[in-house]
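J.: Just to be clear, the model below is a prediction. Sequence and coordinates:
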Protein chains: 10
Amino acid sequence: MTMVTALVLLNTEKGRINEVAEALAALPGITEVYSLAGIHDLAAIIRVGSNDELADVVTHHMLKVDGIRDSQTHVAFRVHSKHDLDDMFAIGNEEAG
Amino acid sequence: MTMVTALVLLNTEKGRINEVAEALAALPGITEVYSLAGIHDLAAIIRVGSNDELADVVTHHMLKVDGIRDSQTHVAFRVHSKHDLDDMFAIGNEEAG
Amino acid sequence: MTMVTALVLLNTEKGRINEVAEALAALPGITEVYSLAGIHDLAAIIRVGSNDELADVVTHHMLKVDGIRDSQTHVAFRVHSKHDLDDMFAIGNEEAG
Amino acid sequence: MTMVTALVLLNTEKGRINEVAEALAALPGITEVYSLAGIHDLAAIIRVGSNDELADVVTHHMLKVDGIRDSQTHVAFRVHSKHDLDDMFAIGNEEAG
Amino acid sequence: MTMVTALVLLNTEKGRINEVAEALAALPGITEVYSLAGIHDLAAIIRVGSNDELADVVTHHMLKVDGIRDSQTHVAFRVHSKHDLDDMFAIGNEEAG
Amino acid sequence: MTMVTALVLLNTEKGRINEVAEALAALPGITEVYSLAGIHDLAAIIRVGSNDELADVVTHHMLKVDGIRDSQTHVAFRVHSKHDLDDMFAIGNEEAG
Amino acid sequence: MTMVTALVLLNTEKGRINEVAEALAALPGITEVYSLAGIHDLAAIIRVGSNDELADVVTHHMLKVDGIRDSQTHVAFRVHSKHDLDDMFAIGNEEAG
Amino acid sequence: MTMVTALVLLNTEKGRINEVAEALAALPGITEVYSLAGIHDLAAIIRVGSNDELADVVTHHMLKVDGIRDSQTHVAFRVHSKHDLDDMFAIGNEEAG
Amino acid sequence: MTMVTALVLLNTEKGRINEVAEALAALPGITEVYSLAGIHDLAAIIRVGSNDELADVVTHHMLKVDGIRDSQTHVAFRVHSKHDLDDMFAIGNEEAG
Amino acid sequence: MTMVTALVLLNTEKGRINEVAEALAALPGITEVYSLAGIHDLAAIIRVGSNDELADVVTHHMLKVDGIRDSQTHVAFRVHSKHDLDDMFAIGNEEAG
C-alpha cells in the first residue's frame, strides 16, 4: 500500500500555538506537530493511505480546528528515508481500523 | 534524553531534486526527506540528541551536499505527537552508537 | 472559433475550500477546479469564446461566489496541447446553447 | 482508477517561452501548457495515474527541459468538474499503452 | 506644454472591479482604466498638465472612490511613443476647459 | 473589431532604461512606453487586434529586445475610457496595413 | 554637535495622505514629508540632535498621528552631502530652543 | 550547562512600541529588547537553560503580552562571542533561583 | 519655479556603500545621500527643476555610477515642509548656473 | 556615555556559516554572533560608542568579511533591559582603550 505524505505549515492566532498544536496532533492522520514560531508557527506531518484521505484530513478535520490563521499544505510526491516510515507509523492499518 | 528536531526547507539546482534528496537522506541525523517541488523543492527532518549535534549536521554535513541552492533550518522547540518519536527513531542510541 | 483560456488562483476563507470549489465548478465557463491548499487554495480553469465572456465570468459570476478571500486571474494568450481542447470542452457550443 | 493531477507554474529564460512550452506539451503526462507571461510565464497541467508517475514526470522529464529558470509543482488533492476529465484525457489507458 | 503621466495599479474590494473601474474612468485626468484581475485588479493611466494636478487627481479624486482596497501611483518621468499622446488626449486643453 | 490590450511591466539591466524604452516603443503593437524607475523600470502598453497578435508581439518581438532583465505581461480583459481608444490608436488598420 | 537623521516610509489609511502628511510636517524634528503614493504613500525625514530625541519623535509624536497604517523608520548612520545640512536645518538650536 | 538563545523579531500595534518593549524586557528569560521601528518594530533576545524553558517563555509569557501584532522566534543553534555570555547573563542561576 | 523631488532607494555591491554614496552625493541634482544599510543600503534625494532634468539625472548620471546593484526612484508629487526647501537648496539657480 | 546598538541579519554563501560567524565575532564592536540558518543565516549584535563608530564597523570591517552574501543593519534607537548592558560589555572603555 502506498503512503501519501503532506507537510503542512501553519500560523495560529497570537498566543494559541500550544492549543492548536495539541488539537492538530490529536487528529487522525496527523502523526506529528512541531512548534517552530518562526515565519511559520507550526509544521504538521500528515501520513495517510490515499489522496482522498488526505483531502478529508485537510478540509474536514484540520481546517476546522479553532485558532488557525492560515495554512499551506504541500503534498510530497516522493519520500526518501533510511527508516521504513510506512511500517513505523503503521499507515494503512491505522486508517482501516 | 531530549530529542532536538529541526525542519529544513530546501531548494535545489534545477533537475537535481532526486540526487540531493538521496544524499540528504543518507546523512546521520536526517531521518526523512520529502520531495515537494512547490515553493520548496525538499523538506528534511533532522532528529538529533542536542543543539550541538544539530549545528554539526547543518553546517558540517547538510550544507556541504552538492546541488543545494538555498535552505532554511527551523528548530522546533516543542514536539506534539501521539507516537513516541524518540523511541521510534531511536534518538540517542543512533548518535551514541 | 478562438477559445479564450484563463487560469485563476484563489484563496478561500478558512474551512470553506470544498464549498467554494463546488460553487465555482458549477459556474458556466469554468471547466475544472483543483484543490491545492498550498500557497493557493484553489486553481480554476476558465474556457470561454471571447475576452468579453471572460470578463463576464470573472466579474459577474466568479467574484460573487461567497467564501473567496482573494483571487488572481491570468489570461493565457496561447495554449499548447497534444489534445484538441476546444473540441473536448466544446467551447462555443456551450456558450451559444 | 484514480487520476493524479498537478498544476505547474514555470518561468523560462528570457525569449524562450514558446520553445519551452512546446517541449513541455510534448512530454507524456503533460496534457496542456498555457502561456501567461505574467508573474508566471507558463502553467502546465500534469494528469497521470499515480504519485509515482507524477514524481517521474516532474523529476525525470519536466525539469530536464532546457530553458526553464524555475518551477513550482502543486499537487491537487481533489478535482471538481462538470466534465469527466479522466475519460476525456483517457488517463490510465495512455499510461498503460 | 509638458504632460505629466502616471500609472496607477489598484486592487478593489471583492466583486467591485467593474464599478470601481467605471468610477475611475469618469474622473477628470484619468484617460483609461484596464481590468487585469491578476496580481493587480485594475491599471489606470493619469495624464494631466502638472505635478500639482496629479496630486489633486490622486489625493482629492481617485482615493475618494469607494471600493478601492489599495493603490500604487507610479509617476512616469519620460514617455516614449510613436504617437503624439499629448495631442491625442488633448492634455492642457482638457484641464484648462 | 475588438482591440486586445496588455500592460507590460519591465525591469532592465542597470543603466539601459532609455535604450530599452526606445527599442520597445519602436515595435509594432506597442503604442507607449513609460519610464518609471520605481519597483518597475518601464511600463509598456500593447494594443493589437487579437490574442494571437499579442502572443506574437510578446514572444517574437518584445522579449527579443536586448537589455530586458524581466517582464510581466498582464492582459486586460476589459477597457474603460471616455476616449475612443480603438479609433485613436487606429487598432485594426495599423495591423492590417 | 552630531545630527541624527532617519528616513521614515509610511502608508496611510486610504484617502488620508494629505492630512497625515500635513500633521507629520508640523511635528518638531520632522523637516520634510514627501507624497509618493507608490509602494509607500509618504516619506518623512527626521533630523534631530540625538538617538534619544529620535526615539521620542518616533514613539511619542509620529506614531500617535491619526491615519497612519504602518511605518518603517530607517536610521541613517552616515550622511553624505555637498550642503551643510546641520546648518541649513539648524539642528541643535531648534531642539534647544 | 548549555544556554539556549533565541532572537525574536516583533511588530507591535501602532503607537505601542515602548509599552510592549517594557513589558517584554520585564519577562524572565528575556535579557534585552531593542527598538528598531524598521521592518521589525522590536528585537528581543531570549537566553534560557533549555528548549523547554524557551517554549515556556515564548508560548506562556511572551505571546500573552498585549499589543504584539506578530512575532518570529529564531532559535540560535550556536553562539559565537569573545565574551562569556553564559556567565554575564548568569544563565542557569537565574532560572534555578 | 516648481521643484521636482524624488527619493531613490539603492542597494550597492557588498562593501561598496561608502564609495557609491560619495559618488552619488557628488552628482548635480542629488542633494543628500543617507547610509541606511538595512533593507536598503542608501537613500538619495534628488531635487531638480523639472521632470526632464530628473530623467536626465536618473538615467544619464545616477545609474551610470559603478557599484549600484539595484535602485528604485520614487517621484514625490507634493512636498510638505515648514522649511523653504526650494530656497535652501537654491533649486533653479543651481540648475541654471 | 551613550551606547549605540545595531542588529545585523546576514546570509552567507552556502556552507560558510561557521567561518563567517567566527570572522564576525572577532571584529571590534561586534559582541555576539548567532547561527540561525533560517530565513537569516546569522544575527550579529554591534555595540559601540557612537554612530560614527557604527558606520566604521559596518562599512570598513563587517562588509569586508569574505563569504557574506547580503546583510541588513538595523540601528536600535532605544535599548530596554534589566541588565546594565553598557557596563557588562564595557562599552566606552573598549573603544577608548
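T.: That came through, no problem. None of these values were measured; they are calculated from a predicted model.
J.: Give me the phi and psi angles of A:Leu85.
T.: In terms of degrees, to the nearest 10, the main-chain angles of A:Leu85 are phi -60, psi -40.
J.: Export stretch A:20-35 to PDB, keeping only CA atoms.
T.: The C-alpha coordinates for stretch A:20-35 follow below in PDB (Å, rounded to 0.1, in the frame of the first residue of the first chain):
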ATOM      1  CA  VAL A  20      -3.700  24.500  18.200                       C
ATOM      2  CA  ALA A  21      -0.700  22.100  18.200                       C
ATOM      3  CA  GLU A  22      -2.400  19.800  20.700                       C
ATOM      4  CA  ALA A  23      -5.700  19.800  18.700                       C
ATOM      5  CA  LEU A  24      -3.900  19.000  15.500                       C
ATOM      6  CA  ALA A  25      -1.700  16.200  17.000                       C
ATOM      7  CA  ALA A  26      -4.900  14.500  18.200                       C
ATOM      8  CA  LEU A  27      -6.400  14.300  14.700                       C
ATOM      9  CA  PRO A  28      -6.400  11.000  12.800                       C
ATOM     10  CA  GLY A  29      -3.800  11.100  10.000                       C
ATOM     11  CA  ILE A  30      -1.600  13.800  11.600                       C
ATOM     12  CA  THR A  31       1.400  12.000  13.100                       C
ATOM     13  CA  GLU A  32       3.500  14.900  14.400                       C
ATOM     14  CA  VAL A  33       3.200  18.600  15.000                       C
ATOM     15  CA  TYR A  34       6.300  20.800  15.600                       C
ATOM     16  CA  SER A  35       6.300  24.300  17.300                       C
END
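J.: does that stretch come close to chain H?
T.: Yes. For stretch A:20-35 and chain H, the contact criterion (C-beta under 8 Å from any C-beta of the partner chain) is met by A:Ser35. (Each C-beta comes from the backbone N, C-alpha and C, glycine too.)
J.: buried residues in that stretch?
T.: A:20-21, A:23-25, A:27, A:29-35 (16 or more other C-beta atoms under 10 Å in any protein chain shown).
J.: which one of these is nearest chain C?
T.: A:Val20 (12.2 Å; C-beta to the nearest C-beta).
J.: What is the helix or strand where that closest one lies packed up against?
T.: Assigned by DSSP states H and E, A:Val20 belongs to helix A:17-25. When contacts are defined as 3 or more C-beta pairs under 8 Å, 6 or more residues apart in numbering or on different chains; DSSP states H and E, helix A:17-25 packs onto strand A:4-12, strand A:30-35, strand A:42-48, strand B:78-80.
J.: residues in contact with it?
T.: Applying C-beta atoms under 8 Å, 6 or more residues apart in numbering or on different chains, the external contacts of helix A:17-25 come out as A:10, A:12, A:30, A:32-33, A:35, A:37, A:41-42, A:44, A:62, A:65-68, B:78, B:80-82, H:58-59, H:63.
J.: Drop anything exposed from the residues you listed.
T.: Neighbour-count burial within the contacts of helix A:17-25 applies to A:10, A:12, A:30, A:32-33, A:35, A:37, A:41-42, A:44, A:62, A:65, A:67-68, B:78, B:80-81, H:58-59, H:63; the criterion is 16+ other C-beta under 10 Å.
J.: Filtering those residues by proximity to chain G, which remain?
T.: When the buried ones among the contacts of helix A:17-25 are checked against chain G using C-beta under 8 Å from any C-beta, none falls in range.
J.: Residue of chain A closest to chain E, please.
T.: For chain A, C-beta to the nearest C-beta, closest residue to chain E: A:Asp70, 17.3 Å.
J.: Wait, that residue touches A:Asn11, no?
T.: Yes. Counting by C-beta atoms under 8 Å, A:Asp70 touches A:Asn11, with 5.3 Å between them.
J.: So between the two, which is more surrounded?
T.: A:Asn11 (18 against 15; other C-beta atoms under 10 Å in any protein chain shown).
J.: Name the residues of chain A found near chain J, please.
T.: Near chain J, when you scan chain A using C-beta under 8 Å from any C-beta, you find A:38-39.
J.: picking that back up, now the helix holding A:Val20 and strand A:42-48, what's the angle there?
T.: Interaxial angle, helix A:17-25 versus strand A:42-48 (axes from the mean of the first three to the mean of the last three C-alpha atoms, to 10 degrees): 0 degrees.
J.: Test for you: state the pLDDT assigned to the one residue in chain A that gets nearest to chain I.
T.: Closest residue of chain A to chain I, C-beta to the nearest C-beta: A:Ile39 (16.1 Å). Note on A:Ile39: pLDDT of 93.
J.: same deal with A:Met3?
T.: So A:Met3 comes in at 86 (pLDDT).
J.: burial count for it?
T.: Around A:Met3 there are 17 residues (other C-beta under 10 Å).
J.: my guess is it contacts A:Leu85, does it?
T.: Yes. When contacts are counted by C-beta under 8 Å, A:Met3 is listed as touching A:Leu85 (6.9 Å).
J.: can you list the residues of chain A near chain H?
T.: A:14-15, A:17-18, A:35-39.
J.: 10 Å instead, please
T.: Selection of chain A residues close to chain H by C-beta under 10 Å from any C-beta of the partner chain yields A:11-19, A:21, A:35-41, A:69.
J.: Which helix or strand contains the residue in chain A that chain F sits nearest to?
T.: Going by C-beta to the nearest C-beta, chain F is nearest to A:Ile39 of chain A, at 22.4 Å. In the assignment (DSSP H and E), A:Ile39 maps to no helix and no strand.
J.: Now do it against B:Thr59, distance only.
T.: Applying C-beta to C-beta, to the nearest Å, the value for A:Ile39 to B:Thr59 is 21 Å.
J.: if we can go back for a sec, quickly list what's touching both of A:Asp70 and A:Asn11.
T.: Jointly contacting A:Asp70 and A:Asn11 under the rule C-beta atoms under 10 Å, 6 or more residues apart in numbering or on different chains are A:40-41.
J.: Could you tell me the model confidence score at the residue of chain A found nearest chain D?
T.: With C-beta to the nearest C-beta as the measure, A:Val75 is the residue of chain A nearest to chain D, at 3.8 Å. pLDDT for A:Val75: 95.
J.: Just give the nearest non-adjacent residue to it, would you?
T.: D:Val75 (3.8 Å; C-beta to C-beta, 6 or more residues apart in numbering or on different chains).
J.: tell me the angle of the helix or strand that the one you found is a member of relative to strand C:42-48?
T.: Element membership for D:Val75, per DSSP H and E: strand D:68-76. Angular relation of strand D:68-76 and strand C:42-48 on a 0 to 180 degree scale: 100 degrees, by the same axes, to 10 degrees.
J.: got the residues of chain A near chain D?
T.: Listed as neighbours of chain D in chain A under the rule C-beta under 10 Å from any C-beta: A:2-6, A:50-59, A:73-79.
J.: Provide a ChimeraX selection command restricted to the buried entries of those.
T.: The buried subset of those, as determined by 16+ other C-beta under 10 Å, is captured in ChimeraX by this line:
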select /A:3,4,5,6,50,51,53,54,55,56,57,58,59,73,74,75,76,77,78,79
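J.: Using the three-state scheme, assign the closest residue to chain H within chain A.
T.: Residue nearest to chain H within chain A: A:Ala37 (3.9 Å; C-beta to the nearest C-beta). Going by DSSP: H, G, I helix; E, B strand; the rest coil, the secondary structure assigned to A:Ala37 is coil.
J.: So it is in contact with H:Leu9, correct?
T.: No. Counting by C-beta atoms under 10 Å, A:Ala37 does not reach H:Leu9; the two are 11.1 Å apart.
J.: Quick one: low-confidence residue ranges for chain A.
T.: A:1, A:91-97 (pLDDT under 70).
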